[in-house]
Structure formats: structure tokens, C-alpha cells
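*Asks:* Any chance you can model this:
(one chain, ligands or ions: 2)
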Amino acid sequence: MKMQEKNISENNFEQCIKCTVCTVYCPVVPVNPLYPGPKQAGPDGERLRLKKGLFFDNTLKYCLNCKRCEVACPSGVRIADIIQSARIKYTTEPPKLRDMILASTDFMGSVTTKVAPVANFALGLKPTKAVMDAVLKVDKHRTFPKYASKTFESWYKKNVKAFQESFNHHVSFFHGCYVNYNYPQLGKDLISVMNALGYGVHLLEKEKCCGTALISNCMIDQAKKNAVNNLESIRKSVYERQMPVIGTSSSCNFTIRDEYPHLLGIDNSDVRDYIELATRFIYRLVEEKKVKMVFKKDYKAKIAYHTPCHMERLGWGIFSTEILRMIPGVELTVLDSNCCGIAGTYGFKKENYEVSQAIGKPLFDQIARLKPDFVACDCETCKWQIEMSTEKEVKNPISILAEALDLIATSEANK
Ligand code: SF4
Ligand code: SF4
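*Replies:* Ligands and ions are numbered 1, 2, ... in the order given. I've put the predicted structure just below:
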């Protein structure tokens, strides 16, 4: 039986050499004086909490779980995992109704897509926002992502499922809640690109929300159920059909690969390496000369790429930026390493709104100075934050690839 990689965070706080580099890199510390910072909330606090859980400090809820401290730590301390594990273990506050609504993306999506035009209209109205602000404490300045009238899954089954078997190579697609309920076009773009590269795209037997928002809102029982369900479907894809699983969301990818074992204590070691971001998968195919990409001759764009925090933790930003650099006519700037401040549901909460916007300000200012045609990013919540806080549209690199590729010529080249 495989050894379960359970809460590594609880085991390595002793590796801390007290250099405080993590505190320098934490985006919350300079803008929220209530937050003790990663060193104190993480390894220092863990020493006390292990003696007595009463030492748990509720200000740990201000941690974004962005993992920037872990990227910076020279000793490999899983600081953010320590903090999140402490929240999961010791918090006595049950999730508020607001938190349950924000975190239940599958439930909210399946209900809201049925009445999407009405819901989108109502969620954009000032009186609705004022009521949500006063009653639920969802900040009134927030712009909500629009819901689609038809889910991606229903579009897929009706329009493209039947001919996916006709390709020589195959992958499964973990589409995530955003593609399914809010922006099916990204899923359609992925299918256009992968089909042109000679790959059939299949859905998992049963996909549930990856659980990112459930974990950050301490709804751990539901997150574990979703994780078990998703891993069962991923195992079927990998072992029964030899199909790796790709995704378009850096947060979903990160959660399935790293938060399942580290925060939920669920072993995924047998399939972890078969789950990756679509840009990384495509980059490797191109590098290994297994596929060819033919681009439109007239495609031109000045693009600024924002690396999501979880993408930095994965170390995968390079794959998305290199894919974008392959497109002739693209002028690419990789934006400075900054958190956008939204951190999933964190920035929607009234008590966090100002901190969220203050964290994102350096990023918003750099985008305003650069004046790109649009911003590229692999995370949907960063997209919402940047689109709300700047004048720029944000596109996933896969959608940019779908626009820039000559899909017919690329299909011919990969036959
Ligand atoms: S995860 Fe992010 S917000 Fe939390 S302590 Fe680390 S750097 Fe700070
Ligand atoms: S960066 Fe790492 S080693 Fe340095 S204080 Fe933070 S946790 Fe400790």
C-alpha cells in the first residue's frame, strides 16, 4: 500500500531558520496590520499550537493561501500549508452563509445557469449589490462573473463528443466550474486547439468542483468528497484509457495536485504526474516535435502576462509564456511578480475588499503603464480581479492560441 503523504506541513516547521524572508514576500503584511505574517502565523505559531490548540489565532483567516511565502522560503518550509492546516484543525467559527454560497460553485452554477439572463441582470444592479453588501457582507464594489445559459458539459455532449474518438491521440479535460458555468468558450477553445493538434478531448466520467474555494472556507468534508470523486474519475481516465488529464485553470491544477495530499490528507501520488496544465502539455508536445503549430500570418497582439500565485508555486508560468512567445506577431511582457489580491473568494468578502485591492494595486498600475492590447493569465479569479480593476480584458493563453493558430493548416500538418 502506498504511503499517504499526509499533512507534510505539520512535520517541517522545524526547518525554519528564522530568516523572515517569507514575511518580506507576503502580500498581506504591508496592507493589513492585523495579520501577524507568515513566520509568526506559520512555523512560530505551530510550535505554540502543538503545545496547546488554544494558542490558535483567528487572524490566520487573513492569509490568502497564495503560497508566495513558500516560493520565497530558503528552507522549504510549507508555511501556507501549516497556516491552512491550523485553520482547518482549530477554527471554531462555522462557515457563514455567505462563505457557503461563495464556495458552493457547483451548486450555485447548476442553479444559476438555468436563469442566467435574469441572474446576470440582477447581480449587476446597484440595489442587489447593496442588499448583498448589507445582508451577506459581499462587498458592493465587486463585479460578479457572468453565468452562461448553457453549461460547457451540455454543449460538449450535444456538439463535439461524438467525433472525439476519431483522433489518434486522446486526453481528458478537467474543465472546472468556471468553464462549465461561466465561460464555456474557453473549453471550446481548448477543444479547437487540441483537435487541430490531433488530440481527441474527453470529459471525466464525473467531475466535481476541485475544492479550492471549499478548502479556503474550511468546508473540508465537502472538499474531501469532491477530491475522492475527482481522483476516482482521474484514475479511470489514466489507467483504463491511458489518457492524461489536462486543465486550463492553474488553481484547479494546483489544488488537485498539491492541496489534496497536503491539506486534505488524500493520497494522489499514483496519478499526480498525469494531471497538468494544457499549456505545459502542449509545450512539451511542440518541444518533442510530436505536433506542429501553424499560425495565422496577420495575427498581432501586444500582451502582458500575469503569473498567478499558484502558477508560481507550480513553477509552470514558463510554459504559458513560452507558448505565447511561439506566436509570431506577439509582443509579450511578463508582468512583475505580484499577487492580484483576489485569492478566490477572499476578495469578495466585505472585510477583505480594501486589502484585496491594495494588494493588487502594483499589478494594476503596471498594466495601466504598459497599455497592452490585453492581459494573459491562466487563472479565472485573477481575470475577474484584473478586469474589474483595470480597463483591460484578460484572456487565457489557450484562447489566445485558438485565435492565433490557423486551425485548418494546423490540422493538416498533424494528420
Ligand atoms: S500564503 Fe500568502 S498571504 Fe498567506 S502567509 Fe504566505 S505569502 Fe502571506
Ligand atoms: S522564509 Fe522560511 S526559513 Fe525564513 S523565516 Fe520564513 S519559514 Fe522560516
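
*Asks:* check which helix or strand covers the residue positioned nearest the centre of the chain.
*Replies:* Nearest residue to the geometric centre of the chain (CA atoms, centre = their mean): residue 251, 2.0 Å. According to DSSP states H and E, residue 251 maps onto helix 250-254.

*Asks:* one step back: could you check the pLDDT of the residue nearest to the centre of the chain?
*Replies:* Note for residue 251: predicted pLDDT of 95.

*Asks:* again with the one 3 residues further on
*Replies:* We note a pLDDT of 96 for residue 254 in this prediction.

*Asks:* just the one 10 residues further on next, same as before
*Replies:* Predicted confidence (pLDDT) for residue 264: 95.

*Asks:* Quick check: it is in a helix.
*Replies:* No: the assignment for residue 264, made by DSSP: H, G, I helix; E, B strand; the rest coil, is coil rather than a helix.

*Asks:* what's the neighbour count on it?
*Replies:* The burial metric for residue 264, expressed as a neighbour count using other CB atoms under 10 Å, is 22. C-beta here means a position set from N, CA and C on the backbone, and glycine is covered the same way.

*Asks:* ok, it touching residue 215?
*Replies:* Yes: in this structure residue 264 lies within contact range of residue 215 using CB atoms under 8 Å: 7.2 Å.

*Asks:* who touches both of those two?
*Replies:* Taking CB atoms under 8 Å, 6 or more residues apart in numbering as the criterion, residue 264 and residue 215 both touch residue 223.

*Asks:* and for the longest helix belonging to the chain, what are the contacting residues?
*Replies:* The helix spanning the most residues in the chain, taking DSSP state H as the definition, is helix 353-370. Residues external to helix 353-370 that are found in contact with it (CB under 8 Å, 6+ apart): 27-28, 31-32, 62, 64, 139, 141-142, 304, 306, 333, 335-336, 338-343, 346-347, 375, 385-386, 389-392.

*Asks:* now swap in stretch 20-34 and tell me
*Replies:* Residues from elsewhere that reach stretch 20-34 (CB under 8 Å, 6+ apart): 35, 37-40, 42, 59, 62-64, 66, 68-74, 77, 79, 338-339, 341, 355, 358-359.

*Asks:* Nearest to ligand 2: which residue in the stretch 201-350 of the chain?
*Replies:* Closest to ligand 2 within the stretch 201-350 of the chain is residue 313: 14.3 Å, counting by CB to the nearest ligand atom.

*Asks:* Run a quick neighbour tally on that residue.
*Replies:* 17.

*Asks:* Mind jotting down where the helices sit in the stretch 51-200 of the chain?
*Replies:* Residue ranges of the helices in the stretch 51-200 of the chain, as given by DSSP state H, counting those that start in this stretch, are 68-72, 79-90, 97-103, 105-112, 116-123, 126-131, 152-159, 176-177, 184-196.

*Asks:* for the third one, packing partners?
*Replies:* What that stands for is helix 97-103. Using 3 or more CB pairs under 8 Å, 6 or more residues apart in numbering; DSSP states H and E as the contact definition, the elements that helix 97-103 packs against are helix 212-216.

*Asks:* Show me what the helix or strand just after the helix it packs on is in contact with.
*Replies:* Downstream of helix 212-216, the first helix or strand assigned by DSSP H and E is helix 220-235. Helix 220-235 is contacted from outside by 88, 104, 172, 174, 204-211, 214-215, 245, 256, 260, 264, 266, 268, 270-271, 274-275, using CB under 8 Å, 6+ apart.

*Asks:* returning to that earlier point: looking at the helices of the stretch 51-200 of the chain, which one is packed in the most?
*Replies:* Stretch with highest mean neighbour count among the helices of the stretch 51-200 of the chain: helix 176-177 (a mean of 26; mean count of other CB atoms under 10 Å).

*Asks:* contacts for that helix?
*Replies:* Helix 176-177 is contacted from outside by 105, 106, 109, 209, 210, 247, 248, 249, 252, 380, using CB under 8 Å, 6+ apart.

*Asks:* Looking at that helix now, give me its mean pLDDT.
*Replies:* Across helix 176-177, the average pLDDT comes to 96.

*Asks:* what about it, distance to the chain center?
*Replies:* For helix 176-177, the separation from the chain centroid amounts to 10 Å (computed by CA atoms, centre = their mean, to the nearest Å).

*Asks:* Kindly report the same for stretch 294-304.
*Replies:* Distance of stretch 294-304 from its chain centroid, counting by CA atoms, centre = their mean, is 26 Å.

*Asks:* For residue 277, what are phi and psi?
*Replies:* According to degrees, to the nearest 10, the main-chain angles of residue 277 amount to phi -80, psi 140.

*Asks:* For the contacts of helix 176-177, give me a markdown table that also has distance to residue 181.
*Replies:* Supplementary listing: the contacts of helix 176-177 in a markdown table, determined by distance: CB to CB, whole Å:
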| residue | distance to residue 181 |
| --- | --- |
| 105 | 7 |
| 106 | 8 |
| 109 | 3 |
| 209 | 10 |
| 210 | 14 |
| 247 | 15 |
| 248 | 14 |
| 249 | 13 |
| 252 | 13 |
| 380 | 11 |
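
*Asks:* got the domain boundaries for the chain?
*Replies:* 8-90, 301-407 (automatic domain parsing).

*Asks:* end to end, how far does the last one reach?
*Replies:* Translated: domain 301-407. Length of domain 301-407, first residue to last, CA to CA, to the nearest Å: 18 Å.

*Asks:* Next: stretch 239-252.
*Replies:* Where stretch 239-252 starts and where it finishes are 21 Å apart, if you go by CA to CA.

*Asks:* Can you list the buried residues in stretch 345-356?
*Replies:* By neighbour count, with 16 or more other CB atoms under 10 Å as the criterion, the buried positions of stretch 345-356 are 345, 346, 347, 348, 349, 350, 352, 353, 355, 356.

*Asks:* doesn't residue 137 make contact with the fifth one?
*Replies:* Pointing back at residue 349 there. Yes: the pair residue 349 and residue 137 passes the contact test of CB under 8 Å, sitting 6.5 Å apart.

*Asks:* what touches both of these two?
*Replies:* Between them, residue 349 and residue 137 have residue 98 as joint contacts when contacts are counted by CB under 8 Å, 6+ apart.

*Asks:* just to revisit the earlier point, any idea how far the residue of the stretch 201-350 of the chain closest to ligand 2 lies from ligand 1?
*Replies:* Here residue 313 is placed at a distance of 9 Å from ligand 1 (CB to the nearest ligand atom, to the nearest Å).

*Asks:* Perfect, that will be all.
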